[in-house]
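Asker: This is a predicted model, with the sequence first.
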Amino acid sequence: MMKKMGLLAGVLSLTMVSNAAAAEEVPSRVGGHLGLAVPIVTIADPVRSIGADYTILGLVTGLNLKLNQRWSIDFETVAYSNFWGGGNISSIVIDPGVLYSFDFATVGLRTAVHVTQTQNWGLIPIIVKSFPLGELPIKAYIELDLPVFFNETGAALTVQPQGGIAF
């Protein structure tokens, strides 16, 4: 009886150790990011660029849900402020999307809408590269966004780099 209890205790402790090791190996399924987006040039009629036609900064917040090691769903919101001209015009873009992680970078496609504008929607292809910050549990990231928005006057493509931290 004592041998059976000792064997059972050994199996239980081995199971708990292997479960704890497995839990440490599995990455978190939920993450996020915080960053700054800067539209550089907008190709439309007419072409507009930073400094000449606008100075826009976007505060980016996102929540990421990993489906597996490669695929994830990203829920992103960008609050833009335009510091050009006589006043400060602000807008919000909601742009959820799907991401696929390669070993060297992540690519994705978002769908988007300007909350403060009428009759618009967009698609945003993205390329993301992240960099570890030493032993910290966060990473720095850089991202190239290429939003294409459609509205009643046509389409506009913007080149917009983004950078920040991901966790």
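Answerer: Sure, I can see it.
Asker: Can I take it that Leu34 is in a helix?
Answerer: No. Assessed with DSSP: H, G, I helix; E, B strand; the rest coil, Leu34 is strand; it does not lie in a helix.
Asker: Now do the residue nearest to Asp53 when sequence neighbours are not counted: how many residues are near it, please.
Answerer: Closest residue in space to Asp53, ignoring its immediate chain neighbours: Trp84 at 7.2 Å, by C-beta to C-beta, 6 or more residues apart in numbering. In this view, the C-beta of every residue, glycine as well, is placed from N, C-alpha and C. Trp84: 15 surrounding residues under other C-beta atoms under 10 Å.
Asker: From Thr116, how far out is Trp84?
Answerer: From Trp84 across to Thr116, the span is 16 Å (C-beta to C-beta, to the nearest Å).
Asker: give the contact list for the residue nearest to Asp53.
Answerer: Asp53, Tyr54, Thr55, Ile56 (C-beta atoms under 8 Å, 6 or more residues apart in numbering).
Asker: Could you look up the SS state of it?
Answerer: Under three-state DSSP, Trp84 comes out as coil.
Asker: Provide the strand pairings for the helix or strand that contains Leu65, with the direction of each partner.
Answerer: For Leu65, the enclosing helix or strand under DSSP states H and E is strand 56-66. Strand 56-66 has the following strand partners under DSSP bridges: strand 30-37 (antiparallel), strand 71-82 (antiparallel).
Asker: Any idea what Ala155 is bridged to?
Answerer: Bridge pairing for Ala155 - DSSP bridges - gives Phe150.
Asker: wait, it sits on Val148?
Answerer: Yes. Applying C-beta atoms under 8 Å as the test, Ala155 and Val148 come out as touching, 6.0 Å apart.
Asker: So which helix or strand of the protein has the lowest pLDDT on average?
Answerer: Here the helix or strand of the chain ranked lowest by mean pLDDT, DSSP states H and E is helix 2-25, holding a mean of 44.
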